[in-house]
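Participant: Quick one, what's the 3D model for this:
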Amino acid sequence: MIRKRLAIRFALQMAAAGAMLVLLAAAIVIWMLGEFEDIEVSRNFAPIGLSRLISEAGIDSQGLIVDPKLLQQLRDDGGWLQSLDGKGNVLQSFNTPNDLPARYLPGQLIDYWIGNEPFPYKLGLWIQEKDGHLYTLLYGSRSKTEDLLQRIIDDGHIVDRTIVFTDSSVDLLNKIGGFVQVLDREGTEIAAWKKPADVMTSYTLQELAMRAHNQVYYGIAMDTQYQSKTGLTWVIQYSMSETKNQAGLAPFVQSEVQVIIIGIAAFLFSSFIVFILLSLWYANRFGTPILYMLGWIQRLGQGDYTEDSNGKSRNSKGNWKRKYRIFEEVIESIHALAVRLLAGSNAAEQTQRNREEWIAGVTHDMKTPLASIQGYAHMLEAEKYSWSEEEVRRFASTILEKTAYMDKLINDLALTYRLRSGEMPVSFEPIDIGMLLTESVSRAASYPAYEDRTVHCSTPSAPIFAAVYRPWFERIIENIVANGLIHNPPGTRIDIELVKFSEKGWRMDFRDNGQGIDEQTMDRLFDRYYRGTNTDSEVEGSGLGMAVAKELVHAMGGRIQVNSNIGQGTVISIIWDT
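Facilitator: The predicted structure is shown next:
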C-alpha cells in the first residue's frame, strides 16, 4: 500500500513539475516570438511594423486612428505617416514635417511612390482595412545622413587616398561619429576619412547590398550614393545606438541569436529554480516524517516509548497530519512496536516486583515451618528438660507435619516450572469424567478442617469420556476446592456442576457463595509469584495451588476462567472445547 501511495505521489509531483516547466517554456517562447517581431519591426518598420501598429491602434467614432504608441514609434524610427481618403486628401498626420502637401493628386502620388517624380522622402504606400474602414497610409522617412552625404560629396576632395573636408563638414561628421569611404567601380576603397582599422577596404556586390539593407544586423548605419560621371561610390557609416543597446551583451552576435540565448538561459535558470523549490518541498514533505520516525526509533532504543514528545505529528483531532499520512503504515508499525516494548518493559518491571514478592512469600513459607522444626529440635535437645513419651510424639508429629508442608511446597514449585517448560511426559487415557469428578470432590471435601463448609457435586446422566491424566485431574479438583473453602468464611457452600456441550467439549463450574474477590486479585489469581500462605493459619497447601491448577489444565488441553464480584461469590470454570 505504501509503495503504491509513494508511486502515485511521486508521479503526480513529477507531472506537476513537468507541467510547470512546460508553462515556463511556453511563456519564454511567447516572449521570444515577441522579441523576434520587435526586431523585425525595427529593421523593416514599413510595412511590417506599420501594419502591426495599425492593427493594434484604436479607432475613434469618426474613424480616426488614436494611438500614442504609433506616434512614439514613428518618432523613434525617424519617419512620418499620413492617412489619406479616396481623393488624396490628408485626414490625419503623424510626426509629419512642414514641407509635405495637404493633398496628393492620384497620378502625382503614384509617380512619387514609384520614383518617376522626385520627392524629398522615401515613400511607402500601405492600404489596410480595419473596423469596416479602408485606410490608405502614406509612410515616409529620410535618412539622418542623406543631406549630410550630399554635402560631404560636394565638399570633399581626395588627396593621396585621403578625403579632405572643410571644418563645418568635419564637425557634422564628428557629431554622428561617422566615417567616410570612396569606392571605385569594382567596390575597392580608393580613399577614406577616419575609417577604423577593422572596416573592410573592398566590398562585393552582395556585401554592399547586405550592409545597406540589414543595418541593424551589422550594427552600422550606412548611406551610399553612386556618381555616374566619375564612377565612384561615396559611403558614410556610423554606429547605431539602438543596435548597441540590443547587442550590449554580445556586440558581434545577431539579435535573434541573442534572444535565443537569453530564452534558453532563462529556461535553464527557471528549471533550476523549480528543481530547487521541488527539492526543498520534498525535503519538508518526506524528510520531516523520516526524521520524525528516526527520532522515534532512537528514543525507543534509549527506553523512551512515548510516541511524540512535541505533538507536531497529529492534529487537534488526534489524526496524523497530511505529511505523515504517506508513511502511515510505517508509523503505525513503529507505534505498535512502541506499545509492545512498553508492555514488555512494564511486564518486566511487574515480573521483577512479583519475583521479589514471591521470594519474600516463599522465604516466609520456608522460614515458618523451619522455625517450628528448629524450635522443637532445641526443646528435644535441651538436657535440663525431661520430656514424656507422649510429648516427644507430639513434637515429632509437628515436625513431620512441617516437613511434609515444606516437601509439598518444593514439589509444587518444581511442578509449575516443569509444566511451563514442557518437561512432563505423561500419557492420557479416556476416563469417565463424571465418576472421576465425584470421587475427587469427595476426597477433597473430606478434610476435617472443612467440616463447617458444604461441597455439592452434580453430573449429567450421560457419561462424558475424555482423555486426561488422573493424578493431575485430581490435583486440579483438590486445589480449586481448597482455594474456595480456605479463603471464605464458615458456612460457605460450593456447587460443582459438570456440563456437556451440545456439539463438542465439556465444562466444570465451581460456584461458591463466599465473599468474592476484587479485580486485582482476580487478575493475579493464577500468578505463581503473587503471594505465599502463612503456615500459622489453619489452611492446607503451599499457596501455589491455583498456579499449579492452571498449569495442569493447560497441559491437558483445557482453559480456565474466573468470574467474581465482591460479596457475590466466585465462579471458576474449567473448559475443554478443542
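
Participant: Point out where the stretch 151-300 of the chain drops to low pLDDT.
Facilitator: Where the stretch 151-300 of the chain drops to pLDDT under 70, the residues are 216-217, 241-254.

Participant: Helices of that one, start to end?
Facilitator: For the stretch 151-300 of the chain, helices defined by DSSP state H, counting those that start in this stretch occupy the ranges 167-176, 205-213, 215-218, 241-246, 255-282, 288-301.

Participant: Show me which of the ones you listed has the highest average neighbour count.
Facilitator: Here the criterion is mean neighbour count by mean count of other Cβ atoms under 10 Å, and of these the winner is helix 215-218, at a mean of 17. Bear in mind the C-beta positions are built from the backbone N, C-alpha and C, glycine included.

Participant: ok, back up a step: would you list the helices of the stretch 151-300 of the chain in CSV and tack on distance to S461?
Facilitator: As requested, these are exported to CSV (distance: least, Cβ to Cβ, whole Å):
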stretch, distance to S461
helix 167-176, 134
helix 205-213, 125
helix 215-218, 120
helix 241-246, 115
helix 255-282, 77
helix 288-301, 60
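
Participant: The ones you listed: which one's closest to I190?
Facilitator: With Cβ to Cβ as the measure, helix 205-213 is the member of those nearest I190 (15.0 Å).

Participant: helices or strands next to that closest one in the packing?
Facilitator: strand 220-227 (3 or more Cβ pairs under 8 Å, 6 or more residues apart in numbering; DSSP states H and E).

Participant: Now with 10 Å, please.
Facilitator: helix 215-218, strand 220-227, strand 232-239 (3 or more Cβ pairs under 10 Å, 6 or more residues apart in numbering; DSSP states H and E).

Participant: From the chain's centroid, how far away is that helix?
Facilitator: Centroid displacement of helix 205-213 relative to its chain, using Cα atoms, centre = their mean, to the nearest Å, is 62 Å.

Participant: By residue count, tell me the biggest helix in the chain.
Facilitator: The longest helix of the chain (DSSP state H) is helix 328-381.

Participant: quick one: buried residues of the helix or strand following it?
Facilitator: Helices and strands here follow DSSP states H and E; after helix 328-381, the next one along the chain is helix 389-421. Of the residues in helix 389-421, 395, 399, 402, 405-406, 409, 412-413, 415-416, 419 count as buried by neighbour count, 16 or more other Cβ atoms under 10 Å.

Participant: and which of these is nearest L205?
Facilitator: L419 (117.0 Å).

Participant: what pLDDT does R493 get?
Facilitator: The model reports R493 with a pLDDT of 91.

Participant: so what's it up against?
Facilitator: 453-456, 484-485, 511-514, 569 (Cβ atoms under 10 Å, 6 or more residues apart in numbering).

Participant: hmm, try it at 8 Å
Facilitator: Residues near R493 by Cβ atoms under 8 Å, 6 or more residues apart in numbering: 453-456, 512-513.

Participant: In this protein, what helix or strand scores lowest on average pLDDT?
Facilitator: Lowest on mean pLDDT, DSSP states H and E among the helices and strands of the chain sits helix 241-246, with a mean of 44.

Participant: Just the buried subset of the contacts of R493, please.
Facilitator: 453, 455, 512-513.

Participant: Now for these: which two are most distant?
Facilitator: V455 and N513 (12.0 Å).

Participant: For I264, find the nearest of the helices and strands packed on helix 205-213.
Facilitator: Evaluated over those, closeness to I264 peaks at helix 215-218, with 20.5 Å, by Cβ to Cβ.

Participant: Look up how far F275 lies from K195.
Facilitator: Plainly put, K195 is 52 Å away from F275 if you go by Cβ to Cβ, to the nearest Å.

Participant: So which of the contacts of R493 sit within strands?
Facilitator: 454-456, 512 (DSSP state E).

Participant: can I get the residues you listed in TSV with distance to M222 and pLDDT?
Facilitator: Converted to TSV, the ones in strands among the contacts of R493 look like this (distance: Cβ to Cβ, whole Å; pLDDT from 0 to 100):
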residue	distance to M222	pLDDT
T454	134	88
V455	131	91
H456	132	93
D512	124	92
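
Participant: Now do the contacts for the closest residue to A212 other than its chain neighbours.
Facilitator: Leaving aside its chain neighbours, A212 sits nearest to M222 (5.3 Å; criterion: Cβ to Cβ, 6 or more residues apart in numbering). M222 is in contact with 211-212, 215, 235-237, counting by Cβ under 8 Å, 6+ apart.

Participant: please redo it, this time with the cut-off set to 7 Å
Facilitator: 211-212, 215, 235, 237 (Cβ atoms under 7 Å, 6 or more residues apart in numbering).

Participant: The residues you listed: which two are farthest apart?
Facilitator: Farthest pair in the contacts of M222, by Cβ to Cβ: Q215 and V235, 12.3 Å.

Participant: Output stretch 259-271 as CSV, restricted to C-alpha atoms.
Facilitator: Extracted C-alpha coordinates of stretch 259-271, given in CSV (Å, rounded to 0.1, in the frame of the first residue of the first chain):
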residue,chain,number,x,y,z
VAL,A,259,17.2,36.4,-27.9
ILE,A,260,17.5,32.6,-28.3
ILE,A,261,20.5,32.5,-25.9
ILE,A,262,18.5,34.6,-23.3
GLY,A,263,15.5,32.4,-23.7
ILE,A,264,17.5,29.2,-23.2
ALA,A,265,19.3,30.7,-20.3
ALA,A,266,16.0,31.9,-18.7
PHE,A,267,14.5,28.4,-19.2
LEU,A,268,17.5,26.7,-17.6
PHE,A,269,17.6,29.1,-14.7
SER,A,270,13.8,28.8,-14.2
SER,A,271,14.2,25.0,-14.3
